[in-house]
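# sequence plus predicted model, see below.
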Amino acid sequence: MRTLPDREFRSGLAETIKHACIADAGFLEFLERNMDKVVSAEGGLVLDREVCERIALYNCEIKYGV
């Protein structure tokens, strides 16, 4: 994720939030609770590895289900 251009990273994150809104309220709550472990309040990357891996895996599961 660190190697992605900022625009691509933010686009993917927005897509993940959209998937959570559509498919799983619990996942959306997880994103809300942990967003500070992905991006800082100032918009810089934080990228907690464990949180990002969970987000990526679950987002893929949602897309697979579609």
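Perfect, thanks for sending it.
# so what's the residue nearest the centre of the chain up against?
The centre of the chain sits closest to Leu13, judged by C-alpha atoms, centre = their mean, with a distance of 4.6 Å. Contacts of Leu13 were listed using C-beta atoms under 8 Å, 6 or more residues apart in numbering, and they are Val38, Val39. Where C-beta positions appear, they are placed from N, C-alpha and C, glycine not excepted.
# recalculate using a threshold of 10 Å.
Met1, Leu31, Met35, Val38, Val39, Ile55, Asn59 (C-beta atoms under 10 Å, 6 or more residues apart in numbering).
# cool, His19 as well?
Phe27, Leu28, Leu31, Tyr58, Asn59, Cys60, Glu61, Ile62, Lys63, Gly65, Val66.
# quick check: it is in a helix.
Yes: under DSSP: H, G, I helix; E, B strand; the rest coil, His19 falls within a helix.
# for it, give its distance to Leu31.
Separation of His19 from Leu31 (C-beta to C-beta, to the nearest Å): 10 Å.
# shared neighbours, those two?
In contact with both His19 and Leu31: Tyr58, Asn59, using C-beta under 10 Å, 6+ apart.
# restrict stretch 11-18 to CA atoms and write it as PDB.
Taking Å, rounded to 0.1, in the frame of the first residue of the first chain, the C-alpha atoms of stretch 11-18 are listed here in PDB:
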ATOM      1  CA  SER A  11      -9.500   5.700  -4.300                       C
ATOM      2  CA  GLY A  12      -9.100   2.200  -3.000                       C
ATOM      3  CA  LEU A  13     -10.000   3.300   0.500                       C
ATOM      4  CA  ALA A  14     -13.100   5.000  -0.700                       C
ATOM      5  CA  GLU A  15     -14.100   1.800  -2.600                       C
ATOM      6  CA  THR A  16     -13.600  -0.200   0.600                       C
ATOM      7  CA  ILE A  17     -15.800   2.200   2.500                       C
ATOM      8  CA  LYS A  18     -18.500   1.900  -0.200                       C
END
